[in-house]
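Peer 1: structure for the following, please:
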Amino acid sequence: MRAERESERGVRPGGTREDEAWVGVRAEDRALMARMQGGDEAAFGVLMERWERPVKSVIGRIVLNASDAEELAQETMVRVWQQRGAFRDGAEVRPWVFSIAVNLARNRLRWWRRRPEVALEAWKEDGEIGRGGAGERGRRGDGGDLERTERADAVREAIAALPLELREAIVLFEYEEMSQAEIAATVGASVKAVEARVARAREKLRVALARWV
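Peer 2: Sure thing, here's the model as predicted:
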């Protein structure tokens with residue numbers, strides 16, 4: 001999947017040519033956090049500009065709802081500022097920020113599932129991430145364009161069907177290109193558990209997407 005999809009992130013680690021730049025981004029993030037802990041709002045603005053879009057992308061792929069993703073991304077950045085004192089010196093910023101985002105996404109899903117008067121499937125279809133209606137899909141062209149659209153829809157639906165812990169792991173691994181150690185720090189699991197979740201998610205996706213492989 002990593003090689004086949006376009007990244008939606010503003011900052012994209014991974015790949016040998018980007019390693020040096022990514023090391024610099026990580027160091028800059030830690031410097032920004034240090035300034036934030038001293039109350040520097042300008043540093044927070046830089047960090048928010050860098051990470052709000054990736055945070056929204058991650059949340060969107062977990063909760064499957066565009067309006068909730070927008071709201072929770074903003075709430076994540078508010079909490080980053082509020083909880084800046086809890087950031088440990090020397091820790092990595094991206095897993096810490098994403099851990100706040102993932103917890104908010106989990107809580108939102110639990111909240112929706114406690115509302116029996118609202119059908120979860122209907123909620124998912126309201127503002128679903130990255131999808132249009134049937135009319136829109138029909139206007140995107142034919143041949144290769146239509147096949148790519150259908151394949152992208154199939155991938156989204158297969159990821160949406162995964163159990164939550166597998167969905168979190170595969171979204172962070174494939175779309176955000178996080179290491180298993182980073183994912184472990186983000187979701188609050190061991191590296192071994194993350195490795196198993198990614199493997200299980202990949203197997204489920206392989207079966208669900210067999211016609212596209």
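
Peer 1: how does this structure divide into domains?
Peer 2: Split into domains by automatic domain parsing, the chain comes to 14-129, 141-213.

Peer 1: what is the distance between the shortest one and the centre of its chain?
Peer 2: Pointing back at domain 141-213 there. Put simply, domain 141-213 sits 11 Å off its chain's centre (Cα atoms, centre = their mean, to the nearest Å).

Peer 1: could you do the longest one as well?
Peer 2: Relative to its chain's centre, domain 14-129 lies at 8 Å (Cα atoms, centre = their mean).

Peer 1: quick revisit: is it possible to export the domains of the chain to TSV including mean neighbour count?
Peer 2: Glycine gets a C-beta too; all of them are placed from N, C-alpha and C. Shown next, in TSV, are these (neighbours: other Cβ atoms under 10 Å):
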stretch	mean neighbour count
domain 14-129	16
domain 141-213	17
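
Peer 1: which of those domains has the lowest mean pLDDT?
Peer 2: Of all the domains of the chain, mean pLDDT reaches its minimum on domain 14-129 (a mean of 85).

Peer 1: what residues are up against the spatially most central residue of the chain?
Peer 2: Centroid-nearest residue in the chain, with Cα atoms, centre = their mean: V58, separated by 1.6 Å. Residues in contact with V58, defined by Cβ atoms under 8 Å, 6 or more residues apart in numbering, are 98, 101-102, 105, 171-172, 175-176.

Peer 1: what's the helix or strand for it?
Peer 2: helix 41-63 (DSSP states H and E).

Peer 1: what distance do you get for the residue nearest to A105 when sequence neighbours are not counted to A73?
Peer 2: With sequence-adjacent residues excluded and distances taken as Cβ to Cβ, 6 or more residues apart in numbering, A105 is closest to I62, at 4.2 Å. Plainly put, I62 is 12 Å away from A73 if you go by Cβ to Cβ, to the nearest Å.
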